[in-house]
Every structure is written in C-alpha cells, then in structure tokens.
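Asks: Sequence unavailable; structure follows:
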C-alpha cells in the first residue's frame, strides 16, 4: 500500500493549466482568494465560480478528483452552514427589517440569513477548489521551484529562500522512503509483541514510542549520509548555482492573468452596484 | 602529463584530536585509468581513506593530492570533488531529487553548468550506465542496483575522471552487485575511468588491477590480486579470507594436484581443471 503513495496530489496531464508557469499559478491563486473575499453577495460570486469552472475545464482534470478534494471539508461545511443560518441576519441597510422564514421558540430564521450562510459556504468551496486546482495541476518539483523563485526577492532581508526550497524538495524525496521504513519498523515491533491497535488514545500514543525512536535515529543517520553525499557532489548553497529547470512565462500565463484580473474586477464591481442582501 | 591522479603521502587521520588514528601513515598513488581495490574489514579505515581522497576529510598529517591539487587547500575543494566523484554505500541516502534526471543534474547545478548544456550531459551519463529509459522516473521506484547506477551517472555527468566507490555494493542483492560492478568495469575499460573500489568482497577485489589490504588503519598488503591472495596467513590476521576458489585451488595443490597458484575466479579454476584433465588423458 505504501508503494503506490503519490507525492502531494499531483495529477499529470497535458493541459493549458498544467503548462502554466508555477510562479504565475501561485500568484493567481492568491489573487483569486483576494477576489472571492471581495465578493460581497451571491451575484458577485458568479465571476469567481465561472473562473473556477473555466480553470477546471482548461486543466482537463477529472471532475471526481476535484469533488474529492472537498471531501475532508464536508463536516466544516455542514457545521458552518447550520451555525450561520441561526446566527446571521444578512447585512441589511439601516432600518430595514429581515424577512422572517421561521420563528419558533429560540429559532429565528430569516431569508437573508440563509442566503448569507450559503454565501459563506460557497466561499469555502470555491476557495478549496481553487487551491486544489493548483496542487493537482502542478508537480511538487515545479511547486517548490516556483516558491523558491517567488521568495527570492526576500533574500534582501536574509530570508533563506534557496535553503527552504531545498529542504522542501528533500522532504518530498524522503517521504516515501521514511514511510516505507516506518512500515518495516512497525512490522518488526509487532513481531516482538508490540501492540499498535488496541487501547485508548493515550495508550496508543504511548505504543508509538517504539516506532518513533528507531525512525528518528535512522532519519538522523540518513541526514548525515545525505549531507556527506551532497558535499561530495559539490553542493555549497544557492550561490553560483544554475538550474536544470528554468521557469518561463508564456502567452498562457498572460491569458491566465487576464482572466484572474477580469474575475476580481467582476467580483468588486458587482458587489459595488448590486445589493441583494 | 600527470601520471598519478591521486597521490597519498604518509597520511594519518584521526576523528578526535587525541584519539586512535583511523588511518595510519598510508602512502599510495593511483594512476590514470587504473582499477584499484581497497580491501578491509569493518573498522579497518578503508572508508575513511576513501573520504580523504576527495577532501571530505582533511588529513591530520601528510598530504593528499588529486590532479596535483592539495585537498587541504580550501580554494580547490570544489574542483577536486568535481574531478573525483564518489558513490556511497546506501543507495537511498545519496539521491537528492524526486526525479532521476533532476538527481543527475544536481552536481551540474552545483558547479554552475549552463542550463542549455545540461540535458545532453545528463542523457549521455544516463546512457553510459544504461538508465536512459528511467530519466523521468522517481528514484523511489528503482531497485538498489539501479539507484547506484543513477549515482554513478551523477558523477559521470560532472565529467569526473575518478570515481571512488565506498562499498557501493555492500547493501545490494547479488544481482544488483553484479549489475553495478559490471557497469563500473565497462566504464573503466571503455572510457578509461579511473576507479577506486573500496570493498570487503574478495570476489570483487580479485578483478582489480591492484589490491590494497587495510587493517587497523594501515596498508598491510599491496600488489596484484594473485600476489595479495597468496598471503593466506596475513589475510586471516586481517579477518579476511581468500576468495573461495583460491582456497579450493590451494587445498587441491596441497593434496598433490598440479594446479598453478593465482587462481582467483571461477573461470581460472575451470581453465586449470580442463588443463589437468587434458594432461591426465594424455597419460
């Protein structure tokens, strides 16, 4: 089961979105998030929803993958929606009374409140879909490369951009190795009578100690070996380093940026001129 | 023209200042195009010696010169390491990237090779070790022998003329060992790659041009494999054994069979036995 673990969620495909520059995609995601927080009502959300649908179509990702990315969110979604319909009354102009839908005992539901709860849930859904589009369409290498390049200006304030990107890529390289090792240790300890499955949370947490100690010892040994191997291969930090993968902006990125700007403009303008709740 | 690529003179090295030296007063030189083996048990100092050869460790006394450059000279460190590549024991702990091609590129990126020159060098290096079809795979899905071949490609791409193998086959299964060893032999024969092969496998050392036997930090035996393996007593003291075929050949000779000394491989043995059969037929 550990053999076919995938790194991150990357889903390889040959598409417009996959071919976009990871730096641009990261920036566009941030712009997109700002946009959906600027959208003040459901109508203003239309450009954001259209943008996500367009991006999803252009990425040629299977729809079920995108839906699946919402799955961990289902409890939060239901929970916030239910709480919100009870507590929200909608942002009504001064002096205007909300339209009651249900008024019984301590429960006061209003049409405006329900709409607003819908808006909040939609915001969460669109937010997660947008981020999933980035991680599904960008390989971990491209993602770390993109992050490194974006963080480079921060080197002025001595921010270790290269080092952080290097650590991220080494972590990605060793996640499957360490998982496999954890599996091996677990089996070895089980063979000696260790019990990882029964007992309450406290007992199970305690049972992890004989798994974690050898895992850490081995991870440190690996780190020592790796540092030696990297030094033997002339690694001496980011200075004077060239790279195999060079990121290039293309016309695709321009189109992407234009679409994102249009979307944000749409969200802001509609929020400004259309007041429904 | 430089004859010896690595020149080690009276080198001692200890990990702690006052401690027992791990390498004691070793002198040896490695000529261009050679396939030299360093043989020794655990703790004999052979791995330490390997790490002295490319400046990972600096000698406590004596000098190590690679291409005439002193490893104690900090300005030359990167040039020395580019010339003298190294392949380590654990295949998992020396690959850095999540894709084979990127890993081979790692050394090139470090020494600042222009991006446009990289793909050709990577492809050539991978082809030299027969791993070209794995260029886009993740190292995690490769076998131990394949990972070691990728590590070799990493050194080849940097155009190292010497590769030091620090027990590169110790953690592999017999098939992987064979696979890696034959790739290295081919590179040595066809490309003139200079090889320093650190090992505790007699069978591998038997195929080298010259063997150095280390014991407690000292070189106790040196010579061609047949010279070295004829000293069964010294090898025994170093907790090493002759290759099994050599042992059988010597036992047979003691029993009065006419087998010449210097049998190191199964092929040698077959030849000797055939000769023996032929001569007894004549009688």
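Replies: The structure has been received and is ready for your questions. The structure presented is a predicted model; accordingly, all values stated were derived computationally and were not measured.
Asks: before we move on, what SS does the residue of the stretch 1-150 of chain A found nearest chain B have?
Replies: In the stretch 1-150 of chain A, the residue that lies nearest chain B is residue A:141 (6.1 Å; CB to the nearest CB). (C-beta placed from N, C-alpha, C; glycine too.) Under DSSP: H, G, I helix; E, B strand; the rest coil, the three-state class of residue A:141 is helix.
Asks: what about the helices in chain A?
Replies: Using DSSP state H, the helices of chain A run over residues A:16-19, A:22-38, A:46-59, A:63-68, A:74-87, A:111-137, A:140-151, A:161-191, A:201-207, A:209-232, A:251-273.
Asks: Indicate which one of these is closest to residue B:159.
Replies: Closest to residue B:159 of these, according to CB to CB: helix A:209-232, at 15.2 Å.
Asks: Now the closest one: buried residues?
Replies: Buried residues in helix A:209-232, counted by 16 or more other CB atoms under 10 Å in any protein chain shown: A:210-211, A:214-215, A:218, A:222, A:225-226, A:228-232.
Asks: Using JSON lines, lay out those residues together with pLDDT.
Replies: Below are the buried residues of helix A:209-232 laid out as JSON lines (pLDDT from 0 to 100):
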{"residue": "A:210", "pLDDT": "88"}
{"residue": "A:211", "pLDDT": "90"}
{"residue": "A:214", "pLDDT": "93"}
{"residue": "A:215", "pLDDT": "94"}
{"residue": "A:218", "pLDDT": "94"}
{"residue": "A:222", "pLDDT": "95"}
{"residue": "A:225", "pLDDT": "94"}
{"residue": "A:226", "pLDDT": "95"}
{"residue": "A:228", "pLDDT": "94"}
{"residue": "A:229", "pLDDT": "94"}
{"residue": "A:230", "pLDDT": "94"}
{"residue": "A:231", "pLDDT": "93"}
{"residue": "A:232", "pLDDT": "94"}
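Asks: Share the number of residues neighbouring residue A:255, please.
Replies: When neighbours are counted by other CB atoms under 10 Å in any protein chain shown, residue A:255 registers 13.
Asks: show me which of the buried residues of helix A:209-232 neighbour chain B.
Replies: The residues of those that also fall near chain B, by CB under 8 Å from any CB of the partner chain, are A:222, A:225, A:226, A:228, A:229, A:230, A:231, A:232.
Asks: how about the closest residue to the fourth one other than its chain neighbours, secondary structure?
Replies: What sits nearest to residue A:228 in space, not counting adjacent residues and going by CB to CB, 6 or more residues apart in numbering or on different chains, is residue B:56, at 6.4 Å. For residue B:56, the assignment made with three-state DSSP gives coil.
Asks: what's near enough to touch residue B:56?
Replies: A:228, A:231, A:232, B:86 (CB atoms under 8 Å, 6 or more residues apart in numbering or on different chains).
Asks: hmm, back to that, and the residue of the stretch 1-150 of chain A closest to chain B, how close does it get to residue A:112?
Replies: With the distance defined as CB to CB, to the nearest Å, residue A:141 ends up 48 Å from residue A:112.
Asks: Repeat that for residue B:141.
Replies: Following CB to CB, the distance that separates residue B:141 from residue A:112 is 56 Å.
Asks: what residues are up against residue A:18?
Replies: Counting by CB under 8 Å, 6+ apart, residue A:18 touches A:12, A:59, A:60, A:137, A:138.
Asks: Drop anything exposed from those residues.
Replies: In those, the ones that pass as buried (16+ other CB under 10 Å) are A:59, A:137, A:138.
Asks: Next, format those residues as a markdown table and append pLDDT.
Replies: Below are these laid out as a markdown table (pLDDT from 0 to 100):
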| residue | pLDDT |
| --- | --- |
| A:59 | 89 |
| A:137 | 89 |
| A:138 | 88 |
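Asks: can I get the helices of chain A in a markdown table with distance to residue B:92?
Replies: Shown next, in a markdown table, are the helices of chain A (distance: least, CB to CB, whole Å):
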| stretch | distance to residue B:92 |
| --- | --- |
| helix A:16-19 | 30 |
| helix A:22-38 | 27 |
| helix A:46-59 | 34 |
| helix A:63-68 | 31 |
| helix A:74-87 | 38 |
| helix A:111-137 | 26 |
| helix A:140-151 | 18 |
| helix A:161-191 | 5 |
| helix A:201-207 | 27 |
| helix A:209-232 | 7 |
| helix A:251-273 | 37 |
